[in-house]
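1. Any chance you could fold what I've pasted below:
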Amino acid sequence: MLRSILVPTMGFSGDPAAMETAALIARHFDGHLECVHVRPDPQQILIQAAGYDMGLGMGTQMVIGDLIDVLQKEDAKRAEQSRKVFEAFCAREKLPVAPTPPGGQKGVTAGWQELTGREIDILVDVARVHDVAVVGHATPAGGLARETSGTMLVKSGRPLLLSPSRAPKQLGRRIAIAWKNTPEAARAVGAAMPFIDKAERVTVVSVAEREEETITSAEALAKSLRWHGIDVDISYMAHPAGSIHDTIMRAAEDAKADLLVMGGYGHGRLSEYIFGGFTRHVLAGVGLPVFLVH
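-> Model (predicted):
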């Protein structure tokens, strides 16, 4: 079951779609949306202001105190906007606000938290105690940075669901699994089983690397899922001359999938996370929800 759903809110345009996508998950499982907005603490604002001041140079008339005031006002505005979006969403969807879990919950509930500290540290910690985190689509105008999403994926130990810029009308009815014979892909399938068990149809999408091994592994996964009574087919594709990302996304589109399940590939290097090409493309945003597990 995926009943405890984290939604980081940023005060940007991607927040409503992330909440709507999270609500689709919650309706599958009588779940709870925990919407969290993180505000920087005063020390972080001071460091950020000092960085801006150094970049502006000695000729500027703006001093650090002025910068801190500007940054605090901008942050307060984003927090207020996040809260208003949350309240409007709950009113529109008729979701009761539940600060604590009720016993024997039926139906979808929502909660709001405003926390202070270093954003990535807080989001990783909070994600660890939720079943899944739903992250909104990042745009040039703002949103959760790809690096932040990637760090949550690697460090939280929990699934990440990336919401598209527009929330889908349905979620999990037709699922595409980007299958590769790796631990990451296996963990993703295992974590997504609450969705997969409820799906009307599942397509295992496999792109050839070593042909015989790829076909055998994809067929073995399909057979295993059929033991769950799931309607499964396989979309086996020769290794493309172009982008694997485009190939898999076309296969998901051909399958009319409304959810893509895949492993998130990457490794740590001096606390920075370097991802494979497909994962980088997905973190940058795609046209359908993506369920990722590292």
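2. pLDDT score for G57?
-> In the prediction, the pLDDT value recorded for G57 is 52.
3. just I120 next, same as before
-> 90.
4. which ones are touching it?
-> T148, T151, M152 (C-beta atoms under 8 Å, 6 or more residues apart in numbering). Bear in mind the C-beta positions are built from the backbone N, C-alpha and C, glycine included.
5. Work out for me the element it sits within.
-> Assigned by DSSP states H and E, I120 falls within helix 119-128.
6. From the contact counts, what lies against the next helix or strand after that helix?
-> Using DSSP H and E, the helix or strand that directly follows helix 119-128 along the chain is strand 132-135. Applying 3 or more C-beta pairs under 8 Å, 6 or more residues apart in numbering; DSSP states H and E, one finds that strand 132-135 contacts strand 4-8, helix 15-29, helix 146-156, strand 160-162.
7. Give me the mean pLDDT for the first one.
-> Read it as strand 4-8. 96.
8. The longest helix that the chain contains versus strand 4-8: what angle between them?
-> Ranked by residue count under DSSP state H, the longest helix found in the chain is helix 64-93. Counting by axes from the mean of the first three to the mean of the last three C-alpha atoms, to 10 degrees, helix 64-93 lies at 140 degrees to strand 4-8.
9. Report the buried residues of helix 64-93.
-> Using 16 or more other C-beta atoms under 10 Å as the test for burial, helix 64-93 gives 67-68, 71, 75, 78-79, 81-83, 85-86, 89-90.
10. Name the nearest of those relative to W179.
-> Nearest to W179 among the buried residues of helix 64-93, counting by C-beta to C-beta, is F89 at 34.6 Å.
11. Which residues are in contact with that closest one?
-> By C-beta under 8 Å, 6+ apart, the neighbours of F89 are P16, M19, E20, L95, A110.
12. I'd like to know how many residues surround P183.
-> 11 (other C-beta atoms under 10 Å).
13. my bad, V135
-> Counted with other C-beta under 10 Å, V135 comes out at 29.
14. what about the stretch 1-150 of the chain, any weak spots by pLDDT?
-> Confidence mapping of the stretch 1-150 of the chain against pLDDT under 70 gives the ranges 42-65, 67, 102-105, 138-145.
15. Is T109 bridged to anything, and to what?
-> With DSSP bridges as the criterion, T109 is bridged to H32.
16. coming back round to it: want to throw the buried residues of helix 64-93 into JSON lines with distance to D197?
-> Below are these laid out as JSON lines (distance: C-beta to C-beta, whole Å):
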{"residue": "L67", "distance to D197": "52"}
{"residue": "I68", "distance to D197": "51"}
{"residue": "L71", "distance to D197": "47"}
{"residue": "D75", "distance to D197": "42"}
{"residue": "R78", "distance to D197": "38"}
{"residue": "A79", "distance to D197": "38"}
{"residue": "Q81", "distance to D197": "38"}
{"residue": "S82", "distance to D197": "34"}
{"residue": "R83", "distance to D197": "36"}
{"residue": "V85", "distance to D197": "32"}
{"residue": "F86", "distance to D197": "30"}
{"residue": "F89", "distance to D197": "28"}
{"residue": "C90", "distance to D197": "29"}
